[in-house]
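[1] Coordinates for the following, if possible.
(chains A and B)
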Protein chains: 2
Amino acid sequence: MKLVEAVLNGDRMALARLLTGLESESEASQKALDLLFPYAGKAHLIGVTGASGTGKSSLVSQLVLAFRRPDKNARPKRTAVVAVDPSSPYTGGALLGDRIRMRDLAGDPGVFIRSMATRGNAGGLARATASSVQVLDAAGFEIILVETVGAGQAEVEIARLADTIVVVEAPGLGDEIQANKAGILEIADILVVNKADRPGVEQTERYLRGMLEMSSKQAGLGLDEEWTTPVLRTNALTGEGLPDLIEAIYRHSEYLKDSGKYATRARARLEDELKGRIQERLLERWKMQTSEDDLQEALEQLSRREISPRQAVQNLVEDKIT
Amino acid sequence: MKLVEAVLNGDRMALARLLTGLESESEASQKALDLLFPYAGKAHLIGVTGASGTGKSSLVSQLVLAFRRPDKNARPKRTAVVAVDPSSPYTGGALLGDRIRMRDLAGDPGVFIRSMATRGNAGGLARATASSVQVLDAAGFEIILVETVGAGQAEVEIARLADTIVVVEAPGLGDEIQANKAGILEIADILVVNKADRPGVEQTERYLRGMLEMSSKQAGLGLDEEWTTPVLRTNALTGEGLPDLIEAIYRHSEYLKDSGKYATRARARLEDELKGRIQERLLERWKMQTSEDDLQEALEQLSRREISPRQAVQNLVEDKIT
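    All right, here's what the predicted structure looks like:
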């Protein structure tokens, strides 16, 4: 397939076209993904999540810059960003000027930035994100940053599936509330207090450490016992704290390798995707077997409250396909 | 069924027990829901959604107080709250003291407050919320307020299904970003700028009006043409602006009645629930027909990248059940 070859050869236009195809779930793009899938599985996936106002998009930009900069520990990494955040500047949705723009990164062939449309249902978004990550992975990007808003259940579900999960907070954002939201603290591998030049940074840090301690005292919260979640300060506007964050990410990557958790996380990711796809396929098959009239009739009966939702399912599923 | 009778007779303990049963999806509670379903369909459902920090929980408390207060236009309404917001004070998750506590409402038999656990998947949460609302509706609550965080896709999907959707903003929260998040502005029937005593309220209001104008100029955004979304100021701590908000809610209710949109929204809600339940039932049936070994084998092949996710679905669905 020509498209697949082009993507594997680093053709950025072909890559962009394929990602667009996957979002609209075209048959050709699905076939291309089948062929590209064996090449994926090498990238390190970093989920970056946090409420809006934490400066997480700027932090992502700084991370990209840092991964592209050669240093004593590592050669520059080919880096991609998938922004699932509708307020992310890559989408053109942000009107504020205080964010680092992507112009610093434009023109660098080792960087690819993609923002996901967030219309449609949450399950579809999760699946499109997974597919995009697989394609970027197959295309040879070594670091893939997935940026999500991290306030909702669906967004946490997306972030949960990265290799390394970075949760971003900022001082004075009503920390007590933000941190607990949707169980986001429990999934963090690295906690970042961004905007560390602002007043209240010590308080936020103390609060987060307290929360972490409390969580680790409770059993079964999904926290890794052998990994101690660091709490780091950054300032995404000046780049302060970035070297420590990068180091923590590499350290977590080592930990995943040594503990065998890379494989565990990759498998959990694939299992999640498989279940979503099976559910989708089952619904498609059911639709082919069910007449639109029957569905409308059931909806009428439901609206007149003659049957309950569960009884409607009984009529539409159990009694139709056997 | 004794439980059903008790709920219909206003037994609060029975109601609480049934709601707990629905969250854990017990068979007995599902049967009770079947029997209660015909009694539902009379309540006015109000979705209240907004980012944390907007004071939306306090606003919900004020709305409850207002609906319970007799005034010239209306007798007190039996009012229930379903809080799908993990940072809501009803869950005990909030540590801040600046919210109006529920003690003003405690002991009022015409008020019932329920918070939903937000663990588990987004689809399950939406379904449990729908079931809870149906039970409260059948139990005779005339106003049901559904409070969601309104930052994520799943939360917007839950809010979208109310009769009247109130979106709460606050000055100085990075309005440009908040308002656009997950398309939340597009679903608002009423926009509230809470904390109206704070600086920047005019700016926030102006911004929201501008956004509304822009949206209404674009076609097909799901905005009702015959309803002009009002932008109202409130202060949930003092109760200022509450009479106007209540009046707007009643006015929207009249609009829904006159335009026939009450029925449209109720039907859309049931359709959504039905689809979710069908999907769940199809998955259950598939699981019964598929051996765990086959699923594990497919996951192994996926992990070794011998097959793609789509090919795994082919093996597990198409080739198994015919």
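[2] hang on, isn't residue A:47 packed against residue A:164?
    Yes - with contacts counted by CB atoms under 8 Å, residue A:47 reaches residue A:164, the gap being 7.2 Å. Yep, even glycine has a C-beta here, placed from its N, CA and C like the rest.
[3] Just say helix, strand or coil for residue A:48.
    When the structure is reduced to helix, strand and coil (DSSP: H, G, I helix; E, B strand; the rest coil), residue A:48 reads as strand.
[4] who's residue A:168 bridged to?
    Residues in a beta bridge with residue A:168, per DSSP bridges, are residue A:192.
[5] residues in contact with it?
    Under the criterion of CB atoms under 8 Å, 6 or more residues apart in numbering or on different chains, the contact list for residue A:168 reads A:48-50, A:54-56, A:59, A:150, A:192, A:194.
[6] hang on, the earlier thing: tell me which of residue A:47 and residue A:164 has more neighbours.
    Neighbour comparison, residue A:47 and residue A:164: the larger count goes to residue A:47, with 27 against 23 (by other CB atoms under 10 Å in any protein chain shown).
[7] where does the stretch 201-322 of chain A dip in pLDDT?
    For the stretch 201-322 of chain A, residues meeting the criterion pLDDT under 70 lie at A:215-225, A:320-322.
[8] how about the strands of it, start to end?
    Across the stretch 201-322 of chain A, reading from the start of the chain, the strands by DSSP state E, counting those that start in this stretch fall at A:231-233.
[9] Any chance you could note which residues of it sit beside chain B?
    Counting by CB under 8 Å from any CB of the partner chain, the positions of the stretch 201-322 of chain A adjacent to chain B are A:263, A:266-267, A:270-271, A:273-275, A:277-279, A:281-283, A:285-286, A:298-299, A:302-303, A:305-313, A:316-318.
[10] quick one on the thing from earlier: wait, which of the contacts of residue A:168 is closest to residue A:71?
    The shortest separation between residue A:71 and any of those is 18.3 Å, and it belongs to residue A:59 (by CB to CB).
[11] where's the closest one, which helix or strand?
    For residue A:59, the enclosing helix or strand under DSSP states H and E is helix A:56-68.
[12] how far out from the middle of the chain is the longest helix along chain A?
    Ordering each helix of chain A by length in residues (DSSP state H) puts helix A:261-289 first. When C-alpha coordinates are averaged (CA atoms, centre = their mean, to the nearest Å), helix A:261-289 and its chain have centres 17 Å apart.
[13] Quick check: buried residues in that helix?
    Residues A:261-262, A:265-266, A:269-274, A:276-282, A:285-286 are the ones in helix A:261-289 that count as buried (16 or more other CB atoms under 10 Å in any protein chain shown).
[14] cool, stretch A:309-322 as well?
    In stretch A:309-322, counting by 16+ other CB under 10 Å, buried: A:309-310, A:312-314, A:316-317.
[15] Residue A:14 is in contact with residue A:20, isn't it?
    No - Residue A:14 lies out of contact with residue A:20 (CB under 8 Å); the separation is 10.8 Å.
[16] How about stretch A:33-51 and chain B, touching?
    Yes - using CB under 8 Å from any CB, stretch A:33-51 reaches chain B at A:33-35, A:37-38, A:40-41, A:51.
[17] got these as CSV, with pLDDT, secondary structure and neighbour count columns?
    Conversion of these to CSV gives the following (pLDDT from 0 to 100; DSSP: H, G, I helix; E, B strand; the rest coil; neighbours: other CB atoms under 10 Å in any protein chain shown):
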residue, pLDDT, secondary structure, neighbour count
A:33, 95, helix, 22
A:34, 95, helix, 17
A:35, 96, helix, 16
A:37, 96, helix, 22
A:38, 95, helix, 13
A:40, 96, coil, 20
A:41, 93, coil, 16
A:51, 77, coil, 28
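[18] Could you work out the most separated pair of the residues you listed?
    Pairwise distances among the residues of stretch A:33-51 next to chain B were taken by CB to CB; the largest, 38.6 Å, belongs to A:35 and A:51.
[19] How about the contacts made by residue A:127?
    A:273, A:276-277, A:280.
[20] Name the member of those with the shortest distance to residue A:63.
    Distances from residue A:63 to these, taken as CB to CB, are shortest for residue A:273 (24.7 Å).
[21] For that closest one, which non-adjacent residue is spatially closest?
    Closest residue to residue A:273 in three dimensions, ignoring its sequence neighbours and counting by CB to CB, 6 or more residues apart in numbering or on different chains: residue A:130, at 4.8 Å.
[22] what phi and what psi does the backbone show at the one you found?
    Dihedral angles of residue A:130 (phi, psi; degrees, to the nearest 10) stand at phi -60, psi -50.
[23] Wait, it touches residue A:162, no?
    No - counting by CB under 8 Å, no contact exists between residue A:130 and residue A:162, whose distance comes to 11.0 Å.
[24] Hmm, residue A:53 is touching residue A:170, no?
    Yes - with contacts defined as CB under 8 Å, residue A:53 counts as touching residue A:170 at a distance of 6.4 Å.
[25] who's more crowded, the two?
    The residue with more neighbours, out of residue A:53 and residue A:170, is residue A:170; 24 against 20, by other CB under 10 Å.
[26] Pull the contacting residues for the more buried one.
    By CB under 8 Å, 6+ apart, the contact set of residue A:170 is A:50, A:53-55, A:193-195, A:198, A:204.
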